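Q: Sequence and predicted structure are below.
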Amino acid sequence: MISAELHEFLDLKVEEYNRPFFLTSDPIQIPHTFSLKQDIEISGFLTATIAWGNRKSIINNATLLMELMDRAPYQFVMEHTDKDLRSLQAYVHRTFNGSDLQYFMAALKHLYTNHDGMEAVFSRHAQKSTLQPAITKFKEYFFELPHEQRTKKHISDPAKGSAAKRINMFLRWMVRDATTGVDFGIWKSLNPSQLSCPLDVHSGNVARKLRLLTRKQNDAKAVAELDANLRLLDPNDPVKYDFALFGLGVFEKF
């Protein structure tokens, strides 16, 4: 049972942090530099893919990545040449390197050419109350082309126990509405009620302190537990509380 006091507190924190100022220090600022739907989703996906480690480094390396793609990510994905791909070889963010990036270009082109794009894949395999199985199917489609085994680690799989923080974050960006100027709401075939919280160290620690989460590991089972509690707070938009949990953890050291 979640108290009315906690509910009110979290709603206030959502209102405080789900605002445009949030963009100034968050990787979501990268897709906000684009207007074409496909540019937003590709830049968002690539930015979310490298979204671990220092946030300043993430933003800097995502910015560099957009520059390497001539600030036209969809056009680059669909029209790149071998020479274009070679220009990506020196790219590196932590363990994500140029070879991984080159495969991602090929895989994204494959999705747009043969599977009607990323939104269509997720929509096709979405379940009424969750997108977690759709993430698993997305990963299957993404790695249908020949690839190095090491590259697969850059897309997590909830079916294998992962919290899939980065791809859940990407889905939040694409699906939640754009009312407050933070998320985009460009994937109209999916609903915010289907989303899962991007669970990381910050949001997990705060959720445990607030007794929204009892499981100690940040894994798929923890995501399911947190999902259930956040849906008690707002079944239509449970992941809005990501702003409260993340804000309390990162900005307030709760």
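A: Happy to help now that I have it.

Q: Isn't Pro20 up against Ala178?
A: No. Distance between Pro20 and Ala178: 10.9 Å, which falls outside the contact criterion (C-beta atoms under 8 Å). To be clear about C-beta, it is placed using only N, CA and C from the backbone, and glycine gets the same treatment.

Q: Now do the same contact list for the nearest residue to Pro192 once chain neighbours are set aside.
A: Take Pro192 and drop its neighbours on the chain: the residue closest to it by C-beta to C-beta, 6 or more residues apart in numbering is Asp237, 4.4 Å away. Contacts of Asp237 were listed using C-beta atoms under 8 Å, 6 or more residues apart in numbering, and they are Arg176, Pro192, Ser193.

Q: pLDDT at Asp237, what is it?
A: At Asp237, the pLDDT value in this model is 97.

Q: Got phi/psi on it?
A: For Asp237, the backbone dihedrals (degrees, to the nearest 10) come out as phi -150, psi 60.

Q: Roughly how far does it sit from Gln127?
A: When C-beta to C-beta, to the nearest Å is the yardstick, Asp237 and Gln127 sit 17 Å from each other.

Q: before we move on, back to that, most neighbours, which of the contacts of Asp237?
A: By neighbour count, taken as other C-beta atoms under 10 Å, the most surrounded of those turns out to be Arg176 (24 neighbours).

Q: could I have stretch 138-147 exported to PDB, CA atoms only?
A: C-alpha atoms of stretch 138-147 as PDB (Å, rounded to 0.1, in the frame of the first residue of the first chain):
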ATOM      1  CA  PHE A 138      13.900  -5.900 -31.300                       C
ATOM      2  CA  LYS A 139      17.300  -7.300 -30.400                       C
ATOM      3  CA  GLU A 140      16.700 -10.400 -32.500                       C
ATOM      4  CA  TYR A 141      15.800  -8.300 -35.500                       C
ATOM      5  CA  PHE A 142      18.700  -5.900 -34.900                       C
ATOM      6  CA  PHE A 143      21.200  -8.800 -35.000                       C
ATOM      7  CA  GLU A 144      19.900 -10.600 -38.000                       C
ATOM      8  CA  LEU A 145      22.900  -9.500 -40.100                       C
ATOM      9  CA  PRO A 146      26.400 -11.100 -39.600                       C
ATOM     10  CA  HIS A 147      28.000  -9.400 -36.600                       C
END
